[in-house]
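**Q** with the input below, show me the fold.
(2 chains)
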Amino acid sequence: MIYHLILKDLRLGKRYWALLPIAAVAIPFFIVSKAAAATSVAFALSSLFIVYLFFNSVSMAEEKHRGAAYLCATPYTRKTLVLGKYALILLLIGSSYILYTLAALIAPERLPVLGIQELGFSLLLLAAVFGLFLPIQYRLGYEKSRLVFFFFIFLMPFLLPYAVGELDGSSLSNSMAGLAPVMQGVLAVAAAVILLLGSMAVSVRIYARQNL
Amino acid sequence: MRSILEVEGLTKRLGDFALDGVSFALPDNCITGFIGVNGAGKTSTIKLLLGLMRADAGDIRFLGEDICKREREFKNQIGVVWDDGYFYPELTLLEMKDVVAAAYSEWDESQFRKLLERFGLQGKQRIGTLSKGMRMKYAIALAMSHRARLLVMDEPTSGLDPQVRKELLDLLLAYVAEGNSVFVSTHITSDLDKIADYLVLIDQGKVVWEEEKDRLLDTHRIIKGGAEELTPEVRSMFLTLDESSYGFTGLTAQREKVCRHLRNAQVERPSVEDIMLGYIGRSRI
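**A** Next comes the predicted model:
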């Protein structure tokens, strides 16, 4: 059932099909060419852009046509519909990773292949953003959640340096620094999984109470 | 007669409006009309039945079983047709069908193809290009292709031309003849005059009555008479009265009693709409 829900979402966002592979490759190339030090965030930023753009186009169609109300009157449970959205996000991130890696293998001198550490932290960042965004969207709907997200993006330049400053020199940061990069990557992936599972549980609870 | 669906004490507050202890039972193997004016609570009740809203209180039983405990089994046995469709216009008919069919344990692909052909629908056509009537036919094809025991329809005939409406009504009669049931909400009661077996009237969030259609039509009469005959006793026998200086027209559920008092009155058989408006007008006096 989830497979059909993902397929439906991919069809709803098909106008972006051509754009997304280009973005998945072009954005990292551009970021790395302008700032070689930003290699580790190139994949995370391109994935963030791709997933947000695609997911929002699907959410817009859902809100406009209220197809989820029809599906909820069939044997699809609300929980299945929510799981379908998280699966879509994971699929989009996975596709971005595959495209990034293919591009990196073709031109390794211009785009480095991601190590487990970079991949882990990228996934953690994406899980944090979408793990927060989805429950907000289920609670507020597409239009209001978009405003919240724009406000969040606006605050990022102010909040990020503060957060990095706080994290730098903290006990968590010190203990992470003592670990091998592979271990850091594995821990980041584990944290991303926990974040997404928690977010999914919250989204399921919120959606179960919504009037459709 | 066995009930296919029983609703008891369904309550839901929605801002200024509330469904207040809605109770009724749908007889099996019948077409039940759920009637009421716009805003009476028909769609809200259907949304509660289908789990699109959570009730503040009340029970819903399908074939005697609580639907909350067996939601998937219940939804497997019902087909749903919405007035708005609630489809994704970007998808083709077959793409939307793929999503819907995956949810049902007894999806009948050959039945679906037969219905598409009967309705003259092309599977590769985008839903957004369908007319209102074609979209309704598509919704019915989806709803009738998984061996549903009960078809739930919200305002299916509003906005349809007379030919499509007739086709739809014929289809519903054939569906019930196969041993199934239909619950159809509408404010266009002329369709129910033709096909309904049973009626439930809702007004301002409350069920006013539920009754067999033939019994309702037999027990109610429109009476026309002279103004001078309208004594206080006669007046009390009417559900509604329209009076002028020449005479009156009224709806009564006490046909024989009225006729005994008014020997020269003109008696007419009412339509479902006359009866519905009579009760709604009465509750708002």
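
**Q** contacts only, for the residue in the stretch 151-285 of chain B positioned nearest to chain A.
**A** Nearest to chain A, among the residues of the stretch 151-285 of chain B, is residue B:152, at 8.1 Å (C-beta to the nearest C-beta). All C-beta spots, glycine's among them, are computed from the backbone N, C-alpha and C. In this structure, residue B:152 makes contact with B:46, B:49-50, B:78-81, B:183, judged by C-beta atoms under 8 Å, 6 or more residues apart in numbering or on different chains.

**Q** between those, which sits nearest residue B:148?
**A** Set against residue B:148, the nearest of the contacts of residue B:152 by C-beta to C-beta is residue B:79 (3.6 Å).

**Q** what about chain B, any weak spots by pLDDT?
**A** B:282-285 (pLDDT under 70).

**Q** is stretch B:132-145 up against chain A anywhere?
**A** No - using C-beta under 8 Å from any C-beta of the partner chain, stretch B:132-145 stays clear of chain A, with a minimum separation of 8.9 Å.

**Q** mind exporting the C-alpha coordinates of that stretch to CSV?
**A** The C-alpha atoms that make up stretch B:132-145 are tabulated as CSV, following Å, rounded to 0.1, in the frame of the first residue of the first chain:
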residue,chain,number,x,y,z
LYS,B,132,-18.9,16.7,-13.6
GLY,B,133,-21.1,13.9,-14.8
MET,B,134,-18.1,11.8,-16.1
ARG,B,135,-16.3,12.4,-12.8
MET,B,136,-19.3,11.1,-10.9
LYS,B,137,-19.4,8.0,-13.1
TYR,B,138,-15.8,7.4,-12.5
ALA,B,139,-16.3,7.7,-8.7
ILE,B,140,-19.1,5.2,-9.0
ALA,B,141,-16.9,2.8,-11.0
LEU,B,142,-14.3,3.0,-8.2
ALA,B,143,-17.0,2.5,-5.5
MET,B,144,-18.6,-0.5,-7.2
SER,B,145,-15.5,-2.4,-8.0
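
**Q** which parts of that stretch are buried?
**A** B:133-145 (16 or more other C-beta atoms under 10 Å in any protein chain shown).

**Q** of the contacts of residue B:152, which fall within the contact range of chain A?
**A** B:50, B:80.

**Q** PyMOL command to pick out the buried ones of the contacts of residue B:152?
**A** Burial among these is assessed by 16+ other C-beta under 10 Å; the matching PyMOL selection reads:
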select buried, chain B and resi 46+49+50+78+79+80+81+183
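
**Q** now, which of the contacts of residue B:152 lie within strands?
**A** With strands taken from DSSP state E, the overlap with the contacts of residue B:152 comprises B:78-81, B:183.

**Q** with secondary structure added, can I get the buried residues of stretch B:132-145 in TSV?
**A** Compiled in TSV, these are given as follows (DSSP: H, G, I helix; E, B strand; the rest coil):
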residue	secondary structure
B:133	helix
B:134	helix
B:135	helix
B:136	helix
B:137	helix
B:138	helix
B:139	helix
B:140	helix
B:141	helix
B:142	helix
B:143	helix
B:144	coil
B:145	coil
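
**Q** for residue A:69, state which of these is nearest.
**A** residue B:139 (13.0 Å).

**Q** CA atoms only: put the helix or strand of chain A with the lowest mean pLDDT into CSV for me.
**A** When the helices and strands of chain A are scored by mean pLDDT, DSSP states H and E, helix A:171-177 comes last with a mean of 71. Output of helix A:171-177 as CSV, limited to C-alpha atoms (Å, rounded to 0.1, in the frame of the first residue of the first chain):
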residue,chain,number,x,y,z
SER,A,171,30.8,18.3,26.4
LEU,A,172,28.9,16.6,23.5
SER,A,173,31.2,18.2,20.9
ASN,A,174,34.3,17.2,22.9
SER,A,175,33.2,13.6,23.3
MET,A,176,32.3,13.4,19.6
ALA,A,177,35.7,14.8,18.6
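
**Q** report whether the helix or strand just after it contacts chain B.
**A** Downstream of helix A:171-177, the first helix or strand assigned by DSSP states H and E is helix A:181-209. Yes - judged by C-beta under 8 Å from any C-beta, helix A:181-209 comes into contact with chain B through residue A:209.

**Q** in helix A:181-209, what's buried?
**A** Within helix A:181-209, the residues scored as buried using 16+ other C-beta under 10 Å are A:184-185, A:187-189, A:191-192, A:195-196, A:199-200, A:202-204, A:206-207.

**Q** farthest pair in those?
**A** A:184 and A:207 (34.1 Å).

**Q** which parts of chain A sit against chain B?
**A** Residues of chain A lying near chain B by C-beta under 8 Å from any C-beta: A:1, A:3-5, A:7-8, A:11-12, A:14, A:61, A:65-67, A:69-77, A:209, A:211-212.

**Q** please convert the buried members of those into PyMOL selection syntax.
**A** One line in PyMOL is enough to select the buried ones among the residues of chain A next to chain B; burial here means 16+ other C-beta under 10 Å:
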select buried, chain A and resi 1+4+5+7+8+11+12+61+65+66+67+69+70+71+72+73+74+75+76+77+212
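
**Q** and of the ones in strands among the contacts of residue B:152, the nearest to residue B:210?
**A** residue B:183 (11.8 Å).

**Q** now do the same contact list for residue 62.
**A** Defaulting to chain A. Contacts of residue A:62 (C-beta under 8 Å, 6+ apart): A:12, A:68, A:142.

**Q** looking at chain B here, not the other one
**A** So residue B:62 contacts B:4-5, B:70, B:74, B:77-78, B:150 (C-beta under 8 Å, 6+ apart).

**Q** again, only this time at 6 Å
**A** B:5, B:74 (C-beta atoms under 6 Å, 6 or more residues apart in numbering or on different chains).

**Q** so what does it look like in phi/psi?
**A** phi -110, psi 120 (degrees, to the nearest 10).

**Q** with residue B:264 instead?
**A** With angles defined as degrees, to the nearest 10, residue B:264 sits at phi -100, psi 10.

**Q** which of the three states applies to the closest residue in space to it that isn't next to it in sequence?
**A** The shortest distance from residue B:264 to any non-neighbouring residue, by C-beta to C-beta, 6 or more residues apart in numbering or on different chains, is to residue B:225 (6.9 Å). Under three-state DSSP, residue B:225 falls in the strand class.

**Q** now swap in the one 3 residues further on and tell me
**A** Secondary structure of residue B:228, reduced to three states by three-state DSSP: helix.

**Q** tell me, how many residues neighbour it?
**A** Neighbours of residue B:228 under the rule other C-beta atoms under 10 Å in any protein chain shown: 7.

**Q** over to the one 5 residues further on?
**A** By the other C-beta under 10 Å criterion, the neighbourhood of residue B:233 contains 9 residues.

**Q** can you give me phi and psi for the residue nearest to it when sequence neighbours are not counted?
**A** Spatially, and ignoring its direct neighbours in sequence, residue B:233 is nearest to residue B:261 (7.2 Å; C-beta to C-beta, 6+ apart). Backbone torsions of residue B:261, given as degrees, to the nearest 10, read phi -80, psi -30.
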